[in-house]
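Novice: Return a 3D structure for these sequence lines:
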Amino acid sequence: MDKLIVHGGTPIHGAITISGSKNASLPILAATLLTDEDCVIRRVPDVSDTNYMVQILTGLGADVERFSGTVRVTASDITDTAPYDIVRRMRASVCVMGPLLARKRRCVVALPGGCVIGDRPVDLHIRGLEALGAKAEMEGGNVILSAPDGLKGATIDLCGTSGPTVLGTDNVMMAATLAEGITTITSAACEPEVVDLADFLNAMGAKITGAGTPVITIEGVEKLKGCVHNVIPDRIEAGTFMAAAALAGEGVTLRRIRHEHLVAITNTLRKAGHQVHFNDVGDACTIHRGDTPMSAEIVTEPYPGYPTDMQAQMTALFATTPGTSIVVDTIFPQRFMHCAELKRMGADITVENGKAMIKGVDKLSAAPVMASDLRASAALVLAGLTAKGSTEIRRLYHIDRGYEHIDEKLLALGAHVERVRE
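Specialist: Residues are numbered from 1 along each chain as shown. As a prediction, the model looks like this:
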């Protein structure tokens, strides 16, 4: 098992290229199950979650080849049962349900695992697929969905208690591409990753309109074809390095980004006194730490609001920002496990009822800390960049789920980090 040692006190500077989106790659890879023709997906990040999805596709019988960020999938002869040993390792594996059900008219998928940051039920996914005509059963920890006569278009509301469901929108949208008639998803997730999946499906021959808005319409087709697709840049990785630059940077440039995907994060950094400059086309930005950082408030919301996947990183930034900052997570109110570890490093944080109050301190001090989930681990890395001493971050497998070679990118920016085997 690896751990990361971050030696604090070295400012970061220079330029890096942002990887393809992990959260867009996973449903897009799953969508290759909808056709028996070749699909080529480019800019797939080399992270453990995409590796698990490749293993799931292989376990289903697809022919998968991966090389230099490109994945080629040919799902000409597949089974309807996803392998439990791999599915249990990743929550997003649930997104194979929609394409498997549409293609095979039956699927067996184990209830997924993944990071523990509060309740993430799959009931909305199942409810949406049932609305398309599927019958759902639970047996031995598996969800068994069947539609022997095929799926039929319907109007489906996918709003949950914390707002729209991204993977639920993905699942229903994929299943509806091969359903008979027209499907309308209301309260659909508007995230860029949903739009990227819709673009991929349309390139395969689907008829989807409205992606990126709360109402998505899918006109079912009889068959989908193979295609070539480039995955969008990872806005959460970009946001993480933007926060790192605001915390410990002396001019950091991020290449291959999309300005329009980073509006909420950019606005928050600017309100906190930091400088963010985009080039004319919006595919690169440079971040400078502000001379007079100031406290700010974050309330997480579904896109285009402030993303829950970026609140932990901003908490690390606020830990040494003068004044009192507030972070409220309306999506996952229990997602504050990183705060206990930051307090071990000297942060002054009080958490209560989905709300963190962070009183900025002059300096953090290094301590051995434990990553509890993907974004919490990133927050600990950021905190270690300016902490006095060497911070040891254990359970590094959490960060490897969603950040492609984060240690190498930090080294490229001049940070003093090292990955070591425990």
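Novice: Give me the below-cutoff pLDDT ranges for this protein.
Specialist: Along the chain, the parts satisfying pLDDT under 70 run over 112-121.
Novice: all helices of it, in order?
Specialist: 22-31, 48-59, 84-87, 97-104, 123-131, 166-176, 192-203, 235-248, 263-271, 311-318, 337-344, 374-386, 397-400, 406-412 (DSSP state H).
Novice: Format the ones you listed as TSV; extra columns: distance to I287 and mean neighbour count.
Specialist: Where you see a C-beta, it was placed from the backbone N, CA and C, and this is true even at glycine. TSV is the format used below for the helices of the chain (distance: least, C-beta to C-beta, whole Å; neighbours: other C-beta atoms under 10 Å):
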stretch	distance to I287	mean neighbour count
helix 22-31	21	28
helix 48-59	26	21
helix 84-87	37	18
helix 97-104	38	27
helix 123-131	36	20
helix 166-176	27	29
helix 192-203	20	23
helix 235-248	4	27
helix 263-271	7	18
helix 311-318	11	29
helix 337-344	21	21
helix 374-386	13	28
helix 397-400	21	21
helix 406-412	14	19
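Novice: Can you say which of those is nearest to A367?
Specialist: Proximity of these to A367 was assessed by C-beta to C-beta; the nearest stretch is helix 337-344, lying at 4.6 Å.
Novice: The closest one packs against which elements?
Specialist: helix 311-318, strand 348-352, strand 368-370, helix 374-386 (3 or more C-beta pairs under 8 Å, 6 or more residues apart in numbering; DSSP states H and E).
Novice: Only alpha carbons, please: show it as CSV.
Specialist: In CSV, the C-alpha atoms belonging to helix 337-344 read as follows (Å, rounded to 0.1, in the frame of the first residue of the first chain):
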residue,chain,number,x,y,z
MET,A,337,-14.4,13.5,7.5
HIS,A,338,-11.4,15.4,6.2
CYS,A,339,-12.0,18.1,8.8
ALA,A,340,-10.9,15.8,11.7
GLU,A,341,-7.6,15.1,9.9
LEU,A,342,-7.1,18.8,9.1
LYS,A,343,-7.6,19.5,12.8
ARG,A,344,-4.7,17.1,13.5
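Novice: buried set for stretch 143-160?
Specialist: V143, I144, L145, S146, A147, L151, K152, G153, A154, I156, L158, C159 (16 or more other C-beta atoms under 10 Å).
Novice: what does the domain assignment say about this structure?
Specialist: 2-18+233-421, 22-230 (automatic domain parsing).
Novice: The first one: how far from the chain's middle?
Specialist: So that's domain 2-18+233-421. Once both centres are worked out by C-alpha atoms, centre = their mean, to the nearest Å, domain 2-18+233-421 turns out to sit 15 Å from its chain's centre.
Novice: Kindly report the same for stretch 124-134.
Specialist: Stretch 124-134 sits 23 Å away from the centroid of its parent chain (C-alpha atoms, centre = their mean).
Novice: what's that stretch in contact with?
Specialist: 94, 97-98, 101, 136, 143, 145-147, 149-156, 158, 160, 165, 167-168, 171-172, 175-176, 179, 183, 185 (C-beta atoms under 8 Å, 6 or more residues apart in numbering).
Novice: Please consider this matter closed, and thank you.
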